[in-house]
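# sequence and predicted structure are below.
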Amino acid sequence: MDLRPLRVNGKRLRNSLEELARIGATPAGGVRRLALSDEDRQARDLFVSWLEELDLEISIDELGNIFGKRAGTNNGLPPVVSGSHIDSQPTGGRFDGALGVMAPLEVLRTLHENNVETERPIVIVDWTNEEGSRFAPAMVGSGVWVGALERDWVYDRTDRNGNRFEDELVRIGYRGTTPAKRWPVHCYYEYHIEQGPVLEEERKVIGAPKGILGLHWFDVFVTGEANQVGPTPMEGRRDALCAAAEMILQVNQLPERMGGNMVATVGEVRNAPNSRNIIPDHVHFTVDIRSWDDDHAGRAWKQVREDFEDTAARRGCSIEIEETWRVQHAEFDEDLVQQILQIAPELGYSHLHMVSGAGHDASYMNQVCPTAMIFIPSIGGRSHVEVENSRWEDCEAGTNVLLHAILRSARA
Ligand code: GLV
Ligand code: MN
Ligand code: MN
């Protein structure tokens with residue numbers, strides 16, 4: 001059977017993405033589907049019902065990762081795996097993660113209706129808590145699955161209201177029984193929106209990243225002394241928020257100071273008691289440092305950490321720092337990346353070899369099996385925002401590339 005003309009159904013892909021986006025839809029056109037929330041449960045239920053329609057072998061592991069397996073003609077062979085995540089940022093978009101789950105679903109539907117048999121089985125996956133926004137760190141479903149994170153450490157992570165990860169997983173009915181332990185995988189593909197401006201600027205439709213930047217997350221706790229703002233002189237104050245404000249700018253200035261390829265961000269701040277007439281005594285903020293060069297990021301962190309300590313001492317505050325997460329940069333499988341770059345023009349799509357600045361479950365999968373990603377443009381380079389958008393024809397194009405990449409890899 002000549003499979004070269006085979007194409008996915010772009011309309012059906014769009015319908016699935018739109019139906020999923022109704023769960024947790026925000027008035028501004030985005031989604032709020034935080035990991036292990038009621039919305040996450042609803043989205044999972046819908047996803048599982050779609051897997052059932054395809055007669056896949058469904059399994060849910062103890063981290064809540066959902067797998068659907070389509071049999072091959074030789075089920076002794078390790079499968080080709082593709083997926084992403086359906087949790088979102090608090091004010092997230094409709095495509096981040098969702099596209100990478102709905103697209104392999106569309107691939108499986110296409111194979112199903114065309115009675116296409118593959119030699120290797122194909123597995124679709126929805127990884128738990130990729131975003132790490134409600135429960136830090138990110139990518140814990142894949143992280144535990146590949147053996148990089150401890151299951152019980154993840155179970156004990158809490159959200160800002162003190163809810164435990166495991167309790168929330170049980171509450172939404174998705175703590176499965178299969179061990180979250182890796183089994184042999186032939187290769188892993190993750191399809192995603194770019195989340196940056198490069199493809200649009202270069203006017204290309206398909207991106208094939210050579211890999212993903214290393215990610216370094218820290219939690220910083222600054223303690224000062226609270227007091228009445230009126231009678232307390234400016235001199236001698238131990239204002240935790242002022243100390244944190246200086247530190248936040250030190251993070252912002254770090255990439256310029258260090259040079260090289262790096263971005264550094266403080267995205268989350270909590271100030272206590274957070275009253276306009278009390279000097280703040282407790283501030284918590286997060287630091288996210290990303291670079292292709294893990295050592296460079298390590299040196300940058302050492303530098304900024306020293307600055308934090310100096311700043312805290314000068315302002316009479318104490319400081320506690322936790323390293324929350326570190327994932328080394330991922331260099332994808334060269335053959336798979338080249339395969340994506342080859343398939344794109346064969347299907348008539350322009351293409352670009354690039355780098356992923358965003359983190360993905362593919363980072364962890366890359367540690368255990370040949371891995372590659374497919375990107376399509378993000379309109380205006382915007383992502384992790386409610387206006388996040390991509391063209392439907394680009395969504396379809398990337399899914400066609402995914403279809404043919406999976407078909408090629410599913411040959412023994
Ligand atoms: C994942 O969403 C990231 O932080 O890049
Ligand atoms: Mn994502
Ligand atoms: Mn994201």
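Arrived safely. Ligands and ions are numbered 1, 2, ... in the order given.

# find the closest residue to ligand 2 in the stretch 201-350 of the chain.
Of all residues in the stretch 201-350 of the chain, Ile212 sits closest to ligand 2, at 11.1 Å by CB to the ion. Where C-beta positions appear, they are placed from N, C-alpha and C, glycine not excepted.

# beta-bridge partners for that residue, please?
Beta-bridge partners of Ile212, counted by DSSP bridges, are Ala330, Ser356.

# check contacts around it.
Contact analysis of Ile212 by CB atoms under 8 Å, 6 or more residues apart in numbering lists 329-330, 332, 355-356, 358-360, 362-363, 366, 373.

# separation between Arg94 and Ala28?
The spacing between Arg94 and Ala28, counted by CB to CB, to the nearest Å, is 11 Å.

# the more surrounded of those two?
Between Arg94 and Ala28, Arg94 has the larger neighbour count (other CB atoms under 10 Å), namely 26 against 9.

# tell me the secondary structure for that one?
Put simply, Arg94 is coil when judged by DSSP: H, G, I helix; E, B strand; the rest coil.

# against ligand 1, how distant is it?
15 Å (CB to the nearest ligand atom, to the nearest Å).

# ditto for Glu131
Remark: distance between Glu131 and ligand 1 (CB to the nearest ligand atom) = 5 Å.

# that residue touches Ala35, doesn't it?
Yes: the criterion here is CB atoms under 8 Å, and Glu131 meets it with Ala35 at 6.3 Å.

# overlap in contacts of those two?
Joint contacts of Glu131 and Ala35 (CB under 8 Å, 6+ apart) are Asp87.

# higher neighbour count, those two?
Using other CB under 10 Å as the criterion, Glu131 and Ala35 rank with Ala35 on top: 27 against 23.

# what's the neighbour count on the nearest residue to Gly147 once chain neighbours are set aside?
Leaving aside its sequence neighbours, Gly147 sits nearest to Arg182 (CB to CB, 6 or more residues apart in numbering; 6.4 Å). The number of residues packed near Arg182 is 16, by other CB under 10 Å.

# Arg182 falls within a helix, correct?
No: going by three-state DSSP, the assignment for Arg182 is coil, not a helix.

# how about the helices in the stretch 301-412 of the chain?
All helices of the stretch 301-412 of the chain, identified by DSSP state H, counting those that start in this stretch, fall at 334-346, 361-365, 392-409.

# nope, the stretch 51-200 of the chain is what I was after
Going by DSSP H, counting those that start in this stretch, the stretch 51-200 of the chain shows helices at 98-113, 140-146, 151-155, 165-171, 198-202.

# those: which one's closest to His284?
Each of the helices of the stretch 51-200 of the chain has some distance to His284 by CB to CB; the shortest is helix 165-171, at 18.7 Å.

# what residues does the stretch 1-150 of the chain have near ligand 2?
Residues of the stretch 1-150 of the chain lying close to ligand 2 (CB under 5 Å from the ion) are 96-97.

# where does pLDDT dip in the stretch 1-150 of the chain?
Nowhere does the stretch 1-150 of the chain drop to pLDDT under 70.

# kindly report the residues of it close to ligand 1.
With CB under 6 Å from any ligand atom as the criterion, the stretch 1-150 of the chain comes near ligand 1 at residues 131, 138.

# give the contact list for Val205.
Val205 makes contacts with 199, 344, 349-351, 376-377, 394, 397-398, as judged by CB under 8 Å, 6+ apart.

# one step back: right, so the helices of the stretch 51-200 of the chain: which one is the most enclosed?
Comparing the helices of the stretch 51-200 of the chain by mean neighbour count (mean count of other CB atoms under 10 Å), helix 140-146 ranks first with a mean of 28.

# centre of the chain to that one, how far?
Computed by CA atoms, centre = their mean, to the nearest Å, the separation of helix 140-146 from the middle of its chain amounts to 12 Å.
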